[in-house]
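Undergrad: Here's a sequence, model it:
(one chain, ligands or ions: 1)
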Amino acid sequence: MKITILSLFPMMIEPFFKSSIMRRAVEKGIVSYRIIDFREFADDAYNRVDDIPYGGGAGMVLMPQPLSKALESVSARGKRVVYPTPSGRLFDQKKAYELAAEEELVFICGHYEGLDQRIIDEYVDDEISIGDYVLTSGETATLVIIDAVFRLIDGVIAKDSLEEESFSSCLLEYPQYTRPARYCSSCVPDVLLSGHHAHITEWRDDQRLARTMHVRPDLLSGASLSPRMRRKLIKVIEEKRTEDLENGHYQGN
Ligand code: 6GU
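TA: Numbering: from 1, shown residues only. As a prediction, this is how the structure comes out:
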């Protein structure tokens, strides 16, 4: 996959491509990247890329000319152009798979109050938000999206790691432990030391269910559960309902 990033702060982006799993993907030739500082396309003597918004209001808007020139310089028309913005659709694993199927992606990192709408209308295919909070720059959001996407490309990480994953099956992961078995007077659960694989799987499934129930019950509607896990879930829900009734919390509907 070819990744192009238009950014005013290339130094925020570069280290990601030179570290860890991304570095290996680049070395193997699975990913190639270029970072374009679109300030270089500014057309005034001060290298200005932003200006005040028409209609008034706080902050600055990125001017259309430098971005348009930068986008034309990378032949962005006909390529999938992603603009990370808090006004976009919420990013999720499904979108990550969709983007991972592309041969080439172009990202525009916004700043200040964002891009002139005409650039969005002319070039952008996907406006993506990474969550309901506000970041200072598009660079960090761009890296989050790239991280979620590139690891899904064949050859980047082992296939079996992908298969076990939380959000693919809509359940959160079970807790992990490694040596030593006793650490600061706290012990690894006995079942994990038992060597009994069926019991370990059962324990892990229960942990995933309980964790999801408590932390992200919204995920359960999309989860594909084994018959045993389904029975377990019903039991946990019934226990919780009984507990709520006893505590007077139940609001029936
Ligand atoms: Cl994509 N950008 C910024 N600046 N803030 C965000 C975001 C993106 N997604 C959530 N918050």
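
Undergrad: Name the spans of the stretch 101-250 of the chain whose pLDDT lies under the cut-off.
TA: Within the stretch 101-250 of the chain, the segments meeting pLDDT under 70 span 164, 166-168, 250.

Undergrad: residues in it within reach of the ligand, list them.
TA: Within the stretch 101-250 of the chain, the positions adjacent to the ligand are 129-131, 133-135, 138, 141 by C-beta under 6 Å from any ligand atom. For glycine as for every other residue, the C-beta is placed from the backbone atoms N, C-alpha and C.

Undergrad: try 5 Å
TA: Residues of the stretch 101-250 of the chain found near the ligand (C-beta under 5 Å from any ligand atom) are 129-131, 135, 141.

Undergrad: So among those, which ones count as buried?
TA: Among those, the ones that count as buried by 16 or more other C-beta atoms under 10 Å are 129-130, 135, 141.

Undergrad: still on that earlier bit, as JSON lines, the residues of the stretch 101-250 of the chain next to the ligand with distance to Asp205 and secondary structure would be great.
TA: As requested, those are exported to JSON lines (distance: C-beta to C-beta, whole Å; DSSP: H, G, I helix; E, B strand; the rest coil):
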{"residue": "Ser129", "distance to Asp205": "33", "secondary structure": "strand"}
{"residue": "Ile130", "distance to Asp205": "30", "secondary structure": "coil"}
{"residue": "Gly131", "distance to Asp205": "28", "secondary structure": "coil"}
{"residue": "Leu135", "distance to Asp205": "36", "secondary structure": "coil"}
{"residue": "Ala141", "distance to Asp205": "34", "secondary structure": "helix"}
